Structure formats: C-alpha cells, structure tokens
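[1] no sequence on this one, just coordinates:
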C-alpha cells in the first residue's frame, strides 16, 4: 500500500504545531483559546496564511466552519475531508482539536509536495465551537453542517458576556478577507478525524494508533434546586430550606446510581453553583449540570432515567427541577473506514488496536453525512482538557501519516 | 418610669422607614444595598438631610462610621449611643440594620420634640459594612471603632471589583459635605442596639421585646480542594482527582459533625465554588466557606476543631487546605443594660423575654468599649437576609420606645 503513497513531513508538522500552540498559550504550556475568541480567530488566520502560501483556497460557511481546499480533477464529485477544531476548553491543552486540524493540513501539503493529482478535492476542515465551553451546545459547526442544529438558533447563541455567535462568525470573516463564502452543508465523499485519545488505553497497551470503532452516547441534565435564603446565624437547621444541602445530597446519591464495577459509565458534575453565594446566608438556590456518557444505549437509558427520581427523592424541604438538555445516541463508524485506517497502520508498521471514543468529537455528526472514521494517538497519562495535556511528535506523525494514506486512497478512487 | 419619659412618634417612624427602604429596594419588597454602594451612600445622605432639618450635627470617622449628634449639657462626658447599619446582604431585607438606625434617630427626634436636656450627648450611629457581603470581614466599622481591626488594613479591603474600602469612605464623605471629621474610636458612655430577631423565639412565644442576654461565638473556615482537571468523557472514575467529589464528601460529613439533637449549632456552607466550572471538565478545584456559630465556648472548640481532620480524611486523591479565617468568642451583655431594657418593657406593658442572639451584630464589638445592650423585636417567620424579611410597625414602635427610654435614662445621669 505504501509504495504509491507519499510520506508526510514530520518536521514541518512539528513547526506548524509550535506556531499554532503559541496562540492562546498559557504559562504552564496549555491553551486558553475559546471558540472564536480573538485568539481562536488569530489561529484561523494563521492557517489561512499557510494555505495562501501553498495556493490552497479558503472558504467559510454561514456557521463559521473553515475549509482549506486542494482541488481534484473531477469538480463534480464531493471532497474527501479531514479535520477537527482549533478552539480549546478554558485552560485546556494544545493538542485536543489542533492535532486533527494540523494532520489534515499536512495531508494537503504532502499531496501537493508529491504532485499527486486526486479525483476528489481534498479539504482540511476547522469545525467551529467543538468544545461548547464558550457557547452551548458544543459541536456547533459540525452539527449545523450535518443539519442536526438549526443555523438561525446557532447564530443566536450568546456567550457569558452576551456576544452572539453570529457576531463572532462575522469577526472571523473580517479577519480572513481572502476567504470565500461556502454553501452550508455541502456534503463530503468521506471524512476522517485524527485526535488524541484523551484516555489511557493506547498508553497502557503500548499501541500508537487507535482505530476508533465508535463513540459513547450521552445525556446531559440541568438540575435546579430552590429553597429559601436564611440567616446563617439564626435559622435553626430544622427550619432551613438549604438548597446546597439538598443539591449535594442529590449529587452524592447520583454517584451511587452511576457507579459501575467496570468503570465504564462517565458521570461528571463539572458545573455547580449556589446563590446568593454569600458566606453568612443559607443558600436558597443551587444549580448543577450532569454530564453522563456511556457506550451502551441500554445503560444510557437505565442509569439516566434515574436522575429525576433521585433528585426528587432527596429534595428535602426544597423544590427541584430536572431538565434533560441534550442527548446523543452511541455512534458506530463504518467497517470500511475502520479497515482503511487499520490497513494504513499495518502497512506503515504502527502497532494499533480498536477502541471506543470516550469523548464526543465532530465526527459524531459527520457519520450521518458520509462514511466517517477516526484515528486516535496516545496522550500522556490520558490527561486532556488540562494544561498538562501532551502528545509525542512521533505519535502525531504516525497519526498524520494514517490520515494522509486514508485520504489519498479515498480521493484517488 | 414612664412618667418623665417622652413617647416616640410611631407615624414618623413609619414614614422614615418607608423612605429609607425605598433606597435599594427590590421588586419583591427587599433590599439590595451593599455597604457603601451608591445606594448605601444615598441612604446615609438621606439621613444626613433629616439630621440637618432637625439641627443635629453629622460626623464621619476614618472608617466611614456615621454619627448624628444631639449635644448634652456637659461636653466633658462621653455620648450615649444607639444605632446599627444601613447596608444589606445581596437581595436582603429592609429591616435588618435599618430598624436599629431608625430607632436611634427617632430617639434623638423624640428628645428634641420634648425639649429634654440631657447631661450626655445622644448619638445615632450607622456602623459601616456590618454585613460583610461586599467587603470581608463584616462588622468593619464597629470593629475598627473598638480597636479590634487595624484601620489601614480595613481601608485596604477590596470588593469583588477591586474597589477599596478607602475609596468608598472617600465617596461617602464627598456625598455628605456637611459632615465633620470625627476622631476614630471616641468612646461612648453606653450603647444600645435595636434589631429584628432574625429567628422565631419571640414570634413563637408571642412576646414583643427580646432582652438580649448575649451573642453566639463563631468560627469561620475556608477550605480549598485541589485535584486535577480531566475530560468528563474519557477519564475513568478510578483515575479522577475530582475536587467537587472530595469537597462534597467533606461538606456532607461535616453536617454530621455539627449535627446536634437540640438544634443549637449553626453550620452553614453558603459559598461553594468549583473551577474551571465547565460542563464537560472534571473539576480540579473547589473551595467553600464554613460559617459555624454556637453560644457555648466549649462546643465552638470541640466541634470546630474537627473541621481540619474531617476534610483531610475525605480528601481522596485530592489535596486540601483548611484555613480558619476568623473567630469570635461568645458575648454576654452586662446585667445593668439588660435590667434597663426589661424595666422599660415592663413599664410600657410590652411582653418580653430574655434571649440569646444567634446573629452577630455591631454590639459584639461595643461590649468591649462601654456598657452595651440589645433589644430585639419579632420578624415574620424569623426570615432574614431575604427579600421576604418583614416586621410589624407596632413592634418597631415598641422596640424604639425601649431604646428611647433606656437612652434617655442613661443620658440624664
């Protein structure tokens, strides 16, 4: 297989990685580059500059997805795409998302260097607001592309300061005047996304390439507890309607509901707020967010369906409201894409294994759009969404080579 | 006793209450008037205007305490004081603090209307930042007056926006140009503070006047939990260092430590924060504040001394730091002041009972300065630090009459 396929340039990949990681860099070596913040727009502009140097066209669609295009010989067929995102979590890492974008861009450069003509155009994609940290929901760009989210609703999303997504997309377009407009939802012939694993299966097994079989499903809940503000010095325990007490009784009991011997269920309360939040006031209000993920549709149902009942049972003298704000079914990637990824890894001599993605990725929505696959590489201690997130250059190069091989194979057919 | 003592003007008290409660009023009938905010300064200016109309002098000391003075016949003896505070908790009530200020001001007006000459000057006092909601610690004004807090440190306090207390005191002085400067810590001959009970003992017993015997002691702790941010979708439970989980294990166990059959201990977590606070990030940081109060010095020690050990035992894979940030011993008011309050209530025919203050008040620090007492009146359902806080005009008038009687008696001796 490798005989007629070009080799990627690992040193260039390293340089591009360092340049991209510098935009929004934190002192501890991480990244604070929220979706379409000034830093994230600067990251897009940097890559647009690289594209211009190589003669690749840049296009932006209505929701701020960013496409770098190397044309194919047949303009009537859809492009083969690869990519991920440039936004990060607050104080996140420099590899989550960025690696997938860089591997896609390196694929275009490798094909260009080798002078390979492809039937299909090949595109590197930056999906907008994958993380969902600044604007909720995440996967905004890929979800809107795939038709899962309505464009108008997504453009109307507001961040914590009240800025709309629509304003941010306009700023992105202003910052990259050379970019052309692009029809929203233009289909791909196939799509592949490379990403750090964000877990330790590859590290534990010593494998370099993860052939991703599918993706966990998820259910997200917002729980709002209403009690009554009272004076911390005078209100007797028996008369209190303490929303903090009720809310923590709920979260503690829910940890038992989601406890499984084999440690597969992912149950997280990452956002928890009390109000008024004054030191000497019994809090009359508490709100928290449940992020629950599981690869099994049945477990998603049986575990997730207990949330409302547990919260109601433990509300004490308070009132509680439970809203399920989003959910996604588990995803399975098509065998043909998994086989192409495995074949490349085998041909290149990279140790590989199949594994399930614990995290959500843009490929979740692409799977409804076209044949889609994902390639994972290890990251240090599985740490992600953290400034300490790290991946090895050799592994990044291997993952990029697999992307390049698969894209080249698909684009030439 | 009442034969030679004047009667307060309940209708004027009502009008003054409504005018003062309008400044910083919330839609639900509460008050949002943080210490030396624009609204709180406006409240001071309103009262300064009333003072000017009555020919009373106004003075401001270096920490922003506000004194309205009716002179006595002997300028060599200290004033008899009464008062409380005009600042409120965020979305608090219109009676906490304000009632004590209004009863003190009504006392001056009543003496003035009756043309009574007193040996001692009589003063109505507005202590600065009693609540401690905007600037920490609370009781800033009375504590600095009494020498418990250092002036420079208190002037350097910053609110959440970085504004210093010193800047706010300067703004207060600018807003009341007629006020003269006042030496910090000028002693009083005696001090009495009227306040709503903020609990239900009076309401439950049907009494009008609470003769306050003393005040709970307290210990305050800040607990900081440090774990590690991780990806909510991928990090297995066994590998997480979830600061929220550890912190809620601590607060739940501490509820057991502070649980007492007779419901006397007051244990509150009113401030609890997780960071980064993102929905799909296992939080690596949590911090909470413990407000613990008890009338018994022994219980303050035995219960409070367990905080650090419990937090350490339940830190799991995280690290924890426990800081005791403040404490105060229980306070006992002198018998003579209690007797004077009881005698007035009896003479006026107000049902009364001795009771302990659950809340902290400025009188806590005045007790070290001069003979000090407190008068409580009922408030609806004991609700306070809440927009639903309410007191009856008849009860406010009764409490004010007791203040006036006690002050007149003390000022004439």
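    Alright, I've got the coordinates. None of the values given here were measured: they were computed from a predicted structure.
[2] Under a three-state scheme, what state does residue A:169 occupy?
    helix (DSSP: H, G, I helix; E, B strand; the rest coil).
[3] element containing the closest residue to it other than its chain neighbours, please.
    Spatial nearest neighbour of residue A:169, chain neighbours left out: residue A:64 (3.9 Å); criterion: C-beta to C-beta, 6 or more residues apart in numbering or on different chains. For the C-beta atoms, the positions are set from N, CA and C on the backbone; glycine is no exception. For residue A:64, there is no enclosing helix or strand under DSSP states H and E.
[4] mind pulling up the phi and psi values for the nearest residue to residue A:90 once chain neighbours are set aside?
    Using C-beta to C-beta, 6+ apart and skipping the chain neighbours, the partner closest in space to residue A:90 is residue B:276 (4.9 Å). When read as degrees, to the nearest 10, the backbone of residue B:276 gives phi -70, psi -10.
[5] Residue A:274 contacts residue B:271, correct?
    Yes: under the criterion of C-beta atoms under 8 Å, residue A:274 makes contact with residue B:271 at 7.1 Å.
[6] Tell me the buried residues in stretch A:187-207?
    With burial defined by 16 or more other C-beta atoms under 10 Å in any protein chain shown, the residues of stretch A:187-207 counted as buried are A:188-202, A:207.
[7] contacting residues for residue A:320?
    Residue A:320 makes contact with A:223, A:224, A:225, A:226, A:246, A:250, A:311, A:312 under the criterion C-beta atoms under 8 Å, 6 or more residues apart in numbering or on different chains.
[8] beta partners for the fourth one?
    Meaning residue A:226. Bridge pairing for residue A:226 (DSSP bridges) gives the partners residue A:285, residue A:319.
[9] And for it, the neighbour number?
    16 (other C-beta atoms under 10 Å in any protein chain shown).
[10] ditto for the second one
    Taking other C-beta under 10 Å as the criterion, the count of residues near residue A:224 is 18.
[11] Residue A:40 belongs to a helix, doesn't it?
    Yes: counting by three-state DSSP, residue A:40 is part of a helix.
[12] Could you tell me the model confidence score at the residue nearest to residue A:201 when sequence neighbours are not counted?
    Using C-beta to C-beta, 6+ apart and skipping residues adjacent in sequence, the residue nearest residue A:201 is residue A:355, 5.0 Å away. Residue A:355 is assigned a pLDDT of 94 by the prediction.
[13] Isn't residue A:355 up against residue A:210?
    Yes: Residue A:355 lies in contact with residue A:210 (C-beta under 8 Å); the separation is 4.6 Å.
[14] Looking at the two, which is more packed in?
    Counting neighbours by other C-beta under 10 Å for residue A:355 and for residue A:210 shows that residue A:210 has the greater number, 28 against 20.
[15] Show me what the more buried one bridges to in the sheet.
    If you apply DSSP bridges, the partners that residue A:210 bridges to are residue A:353, residue A:376.
[16] Now do the same contact list for it.
    A:197, A:201, A:202, A:352, A:353, A:354, A:355, A:375, A:376, A:377.
[17] Equivalent analysis for residue A:411, please.
    Listed by C-beta under 8 Å, 6+ apart, the contact set of residue A:411 reads A:72, A:80, A:111, A:118, A:119, A:120, A:121, A:122, A:189.
[18] Apply 6 Å and report the result again.
    A:80, A:118, A:120, A:122 (C-beta atoms under 6 Å, 6 or more residues apart in numbering or on different chains).
[19] Can you select the buried ones from the contacts of residue A:320 in ChimeraX?
    To isolate the buried members of the contacts of residue A:320 in ChimeraX, using 16+ other C-beta under 10 Å:
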select /A:223,224,225,226,246,250,311
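[20] Closest to residue B:52 out of the contacts of residue A:320?
    Nearest to residue B:52 among those: residue A:226, at 44.9 Å, using C-beta to C-beta.
[21] right, and the closest one touches residue A:317 too?
    No: the pair residue A:226 / residue A:317 is not scored as a contact, 10.6 Å apart, by C-beta atoms under 6 Å.
[22] Now that we're looking at the residue nearest to residue A:86 when sequence neighbours are not counted, what pLDDT does it have?
    The shortest distance from residue A:86 to any non-neighbouring residue, by C-beta to C-beta, 6+ apart, is to residue A:43 (4.4 Å). Per-residue pLDDT puts residue A:43 at 98.
[23] Which of the three states applies to residue A:43?
    Following three-state DSSP, the label given to residue A:43 is helix.
[24] got a list of what residue A:67 touches?
    Residue A:67 makes contacts with A:59, A:123, A:125, A:182, as judged by C-beta under 6 Å, 6+ apart.
[25] 10 Å - rerun?
    By C-beta atoms under 10 Å, 6 or more residues apart in numbering or on different chains, residue A:67 lies in contact with A:51, A:56-61, A:79, A:81, A:83, A:121, A:123-126, A:179-180, A:182, A:186.
[26] and residue A:110, which of the three is it?
    helix.
[27] on contacts alone, who are the packing partners of the lowest-mean-pLDDT helix or strand in chain A?
    Sorting the helices and strands of chain A by mean pLDDT, DSSP states H and E puts strand A:230-231 at the bottom, at a mean of 88. Contacts defined by 3 or more C-beta pairs under 10 Å, 6 or more residues apart in numbering or on different chains; DSSP states H and E place strand A:230-231 against strand A:281-282, strand B:266-275.
[28] Tell me which strands that strand pairs with, and in which orientation.
    In the sheet, strand A:230-231 lines up against strand A:281-282 (antiparallel) (DSSP bridges).
[29] list the contacts for the residue nearest to residue A:334 when sequence neighbours are not counted?
    Nearest residue to residue A:334 in three dimensions, chain neighbours excluded: residue A:371, at 5.2 Å (C-beta to C-beta, 6+ apart). Counting by C-beta under 10 Å, 6+ apart, residue A:371 touches A:80, A:188-192, A:333-337, A:340, A:410.
[30] Now the phi/psi pair for residue A:371, please.
    Dihedral angles for residue A:371 - degrees, to the nearest 10 - are phi -60, psi 120.
[31] Distance of it relative to residue A:37?
    Residue A:371 sits 33 Å away from residue A:37, going by C-beta to C-beta, to the nearest Å.
[32] mind checking which of the helices and strands packed on strand A:230-231 is nearest residue A:89?
    In terms of C-beta to C-beta, the element of the helices and strands packed on strand A:230-231 nearest to residue A:89 is strand B:266-275, at 12.0 Å.
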